[in-house]
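Trainee: Take a look and give me a structure for this.
(4 chains)
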There are 2 protein chains.
Amino acid sequence: MSYDFGAMASRPVTIVDVARHAGVSHSTVSRVLNGHPHVRADTRLRVEQAVEALGYVANLQARGLAGGPSGSIGLVALEVSTSYVVEVIRGVDEELAASGLDLMLSTTRRHDVREREQVLRLSQGLCDGLIVLIPAAPDLYLEDLAARNYPIALIDHGATPFASSATMANRSSTEQAMAHLIGLGHRRIGHVTGNLATDAARRRMLNWRAMLQAHSLEHGDDLVVEGDFRRESGQRGAAILLDRSAPPTAILAGSDFMAVGVLDEVRKRGLRCPDDLSVMGFDDVAEATVMTPQLTTIRQPMQALGRQAVRLLMDRLRNPDAPTVHVELATELVVRESTAPPAH
Amino acid sequence: MSYDFGAMASRPVTIVDVARHAGVSHSTVSRVLNGHPHVRADTRLRVEQAVEALGYVANLQARGLAGGPSGSIGLVALEVSTSYVVEVIRGVDEELAASGLDLMLSTTRRHDVREREQVLRLSQGLCDGLIVLIPAAPDLYLEDLAARNYPIALIDHGATPFASSATMANRSSTEQAMAHLIGLGHRRIGHVTGNLATDAARRRMLNWRAMLQAHSLEHGDDLVVEGDFRRESGQRGAAILLDRSAPPTAILAGSDFMAVGVLDEVRKRGLRCPDDLSVMGFDDVAEATVMTPQLTTIRQPMQALGRQAVRLLMDRLRNPDAPTVHVELATELVVRESTAPPAH
DNA sequence: CGCATTTTTGCACACGTGTGCAACCCGTAT
DNA sequence: ATACGGGTTGCACACGTGTGCAAAAATGCG
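Mentor: Numbering: from 1, shown residues only, chains lettered A, B, ... in the order given. Here you go, the predicted structure:
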């Protein structure tokens, strides 16, 4: 066995190096690092100075292996491409900043097997807790982890006894939007839906229709066009609706991006918003405050969802035996400039 | 696919469990998992079946501790709040998807100490390579890691012998912007900078000044205001510039968000863009095509930057002894509606 | 000062995996 | 049949840290 003290192959500083430098055993260093009570004051000081002097950084893996806390929580998501995921991550990151915990993001990219792998990986000591942001069935591992009493927070899942969860109140959001438009005096309210293959789009359409029926307003098929959540489909939908013999005075788009498309068509036709047509969206994306007119929309509390998940997780970290909780976050009507009473 | 967990699923399945189930030693299981050549075919099959039956998932920490590959690469960033970071992450994630490697995101939240900590943590076996996305001085750890021959890719840093790096052609991007404005006939061109603590902001300002000098145009201190990359600082900067005795006819903002702020001030004063003031930004964020007028800007290839960083990293993973590389990606002038020849 | 009690410290093992080395097995050539 | 050789396999140790237990040291008390 040979020791090389040369500057070439510098080995990371370990707890043993610190111990040697401070003239104690590595156990003592460990105790200092973890704030154990039974350490003499001057010993603690010597160790802390050694840590400082050598620039010691704990090896997360060894610590996790040995059963110590990792000081970080994991977030498992499908991908980072959609703004939905990005916003949730932002919320998580910001809430975490206050607590001093680290964030580990892991993406599964739609491989179902990978999902279970990633979750188990992170739960094996790498992270103290896990936030799962995947709209799939986590039954494969949830019960397992619950048996180990491992803290998990699910986002956008229904209630389950195995983990805490946070979700959005989808129903009331469409009601909020329609109440706003009807309250302004609109009687013909068109709807450009998102991709009807998705739950959210379908529920929004059903609730749009239900609200019109409840107020005895027209709700026929010539007031609704299917889109796909994207800007271009919003423009196409608006073109169709505005070409009707009796065009709507307001259009509810299934997403903010489609609302932008609706406004594209409005501008193209030389109409003005909100004077000639009121427009609403869903989500309250960052773009909503940048456009002219600024968009009236239903804010989906995506960041808040992330924050809430962190709080749920930290509750479980502090008190592992407390029962799991299910939280439903309200959406919020954000009135800006794109809606007004109808002209006539 | 169904997994058979034993009656007591309280403890995670380890390599030893698999070994027992297959009637071999844990070493053999390890060799199967890592694709070593000297394993008999039927033994390999038995082990693989045991892995499947027990639903074994490797413990990353133990593997990392023991010196094995982690199969994941790390990304260290300040935060995930800015779209710059988000876009880079998207690029990284997408490029990584092709390679089968996992992504670990870690945020430092502007604590300089944490930066070194996080980097060292992840480099101690947790990740096979690291992408650093922090506009600060990584001298503290770079040399150290280079000595260990640890693969690192820096984003938006200058060339360094210690790591591969990818950056955008900051010089030419500013030249592109200024050439456009000067070509339109502008002679007084103001500049609201980003946070001058960052490299990018400082270089943009220097190049702004250099271009003005090269064309013998005024470039004094009363044509430049420091901002912080955010919308509000853009508005403040514009207010200051427009209050000068001889206000500029065009303003180059250090980011698209600041350009939005500039437009806020323009609108507030009842001015019109581009008639009374031309406005340009940097980045080409999603918002740029949504606003009115649509923003003329310099497109920063942020996703491409992420992809490039991954490729650089994988080159080093495959060939650790190859020299480091510095790649510069071209930016692109995107002319939209917010720039025009000056009125007078 | 001696003894009991408490505080402080070190030893040794555990965590799960990878790997050098030696031992094993089996087939083939002598 | 024996020796040889190469493909397989197991043993034992290493990685860095946490912790129960016992030893050592410090403290308190008479």
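
Trainee: In chain A, where is pLDDT below threshold?
Mentor: Along chain A, the model assigns pLDDT under 70 to residues A:1-10, A:110, A:112, A:135-138, A:140.

Trainee: pretty sure A:G23 contacts A:Q49?
Mentor: No: applying Cβ atoms under 8 Å, one finds A:G23 not in contact with A:Q49, separated by 11.3 Å. Placement of C-beta: from N, CA and C, glycine included.

Trainee: what residues go with each domain of chain A?
Mentor: A:15-58, A:72-168+A:303-330, A:170-300 (automatic domain parsing).

Trainee: Let's have those domains in a markdown table, adding distance to chain B and mean neighbour count.
Mentor: Formatted as a markdown table, the domains of chain A follow (distance: least, Cβ to the nearest Cβ, whole Å; neighbours: other Cβ atoms under 10 Å in any protein chain shown):
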| stretch | distance to chain B | mean neighbour count |
| --- | --- | --- |
| domain A:15-58 | 4 | 16 |
| domain A:72-168+A:303-330 | 4 | 20 |
| domain A:170-300 | 4 | 20 |
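
Trainee: Make CSV out of those domains and add distance to B:I298.
Mentor: Below are the domains of chain A laid out as CSV (distance: least, Cβ to Cβ, whole Å):
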stretch, distance to B:I298
domain A:15-58, 39
domain A:72-168+A:303-330, 23
domain A:170-300, 18
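
Trainee: among these, which is nearest DNA strand D?
Mentor: For the domains of chain A, the distance to DNA strand D is smallest for domain A:15-58, at 3.0 Å, taking Cβ to the nearest atom of the strand.

Trainee: hang on, isn't A:Y84 packed against A:M302?
Mentor: Yes: in this structure, A:Y84 is within contact of A:M302 by Cβ under 8 Å, at 6.1 Å.

Trainee: thinking again about what came up before, out of the domains of chain A, nearest to DNA strand C?
Mentor: Here domain A:15-58 is closest among the domains of chain A (Cβ to the nearest atom of the strand), at 3.2 Å.

Trainee: measure that closest one end to end?
Mentor: Chord length of domain A:15-58, first to last residue, is 8 Å (Cα to Cα, to the nearest Å).

Trainee: The residue nearest to the spatial centre of chain A and A:S172: what is the separation?
Mentor: Computing the C-alpha centroid of chain A and ranking residues by Cα atoms, centre = their mean puts A:V88 first, at 1.9 Å. Per Cβ to Cβ, to the nearest Å, A:V88 is found 20 Å from A:S172.

Trainee: what bridges to A:I298?
Mentor: On the basis of DSSP bridges, A:I298 takes part in beta bridges with A:F282, A:L333.

Trainee: Up against DNA strand D, what does the stretch 51-200 of chain A have?
Mentor: Neighbours of DNA strand D within the stretch 51-200 of chain A, by Cβ under 7 Å from any atom of the strand: A:56, A:58-59, A:62-63, A:65-68.

Trainee: Report the two of those residues separated the most.
Mentor: A:Y56 and A:G67 (19.9 Å; Cβ to Cβ).

Trainee: At which residues are the strands of the stretch 201-344 of chain A located?
Mentor: For the stretch 201-344 of chain A, the strands defined by DSSP state E, counting those that start in this stretch occupy A:224-226, A:250-253, A:278-283, A:296-299, A:326-329, A:332-334.

Trainee: actually the stretch 1-150 of chain A, not the one I wrote
Mentor: Applying DSSP E, counting those that start in this stretch to the stretch 1-150 of chain A gives strands spanning A:72-77, A:102-107, A:129-133.

Trainee: what's the closest of those strands to B:P37?
Mentor: strand A:102-107 (31.0 Å).

Trainee: Point out the other helices and strands that the closest one packs with.
Mentor: Packing contacts for strand A:102-107, counted by 3 or more Cβ pairs under 8 Å, 6 or more residues apart in numbering or on different chains; DSSP states H and E, involve strand A:72-77, helix A:83-99, strand B:102-107.

Trainee: Can you lay out the ones you listed as a markdown table showing distance to B:L263?
Mentor: Formatted as a markdown table, the helices and strands packed on strand A:102-107 follow (distance: least, Cβ to Cβ, whole Å):
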| stretch | distance to B:L263 |
| --- | --- |
| strand A:72-77 | 34 |
| helix A:83-99 | 22 |
| strand B:102-107 | 31 |
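
Trainee: Of all these, which one is nearest A:R116?
Mentor: strand A:72-77 (10.1 Å).

Trainee: so which of the strands of the stretch 201-344 of chain A gets nearest A:M205?
Mentor: Closest approach to A:M205 among the strands of the stretch 201-344 of chain A (Cβ to Cβ): strand A:224-226, 6.7 Å.

Trainee: Run through the helices of chain A in chain order.
Mentor: A:15-22, A:26-33, A:41-54, A:60-65, A:83-99, A:112-121, A:139-147, A:170-184, A:199-214, A:231-242, A:256-268, A:302-318 (DSSP state H).

Trainee: Go through the fourth one and flag the buried ones.
Mentor: Applying a neighbour-count criterion of 16 or more other Cβ atoms under 10 Å in any protein chain shown, one finds A:60-65 buried in helix A:60-65.

Trainee: Now tabulate the helices and strands packed on strand A:102-107 in TSV and tack on distance to DNA strand C.
Mentor: Converted to TSV, those look like this (distance: least, Cβ to the nearest atom of the strand, whole Å):
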stretch	distance to DNA strand C
strand A:72-77	18
helix A:83-99	26
strand B:102-107	15
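
Trainee: Of these, which is nearest B:E79?
Mentor: Nearest to B:E79, of those and by Cβ to Cβ, is strand B:102-107 at 5.2 Å.

Trainee: what inclination does that closest one have with respect to strand A:72-77?
Mentor: 130 degrees (axes from the mean of the first three to the mean of the last three Cα atoms, to 10 degrees).

Trainee: contact partners of strand B:102-107?
Mentor: Strand B:102-107 is contacted from outside by A:93, A:97, A:102-107, A:118, B:71-80, B:89, B:92-93, B:96, B:118, B:121-122, B:126-127, using Cβ atoms under 8 Å, 6 or more residues apart in numbering or on different chains.

Trainee: at 6 Å instead, please
Mentor: When contacts are defined by Cβ atoms under 6 Å, 6 or more residues apart in numbering or on different chains, strand B:102-107 is touched by residues A:93, A:103-105, A:107, B:72, B:74-77, B:79, B:93, B:96, B:118, B:127.
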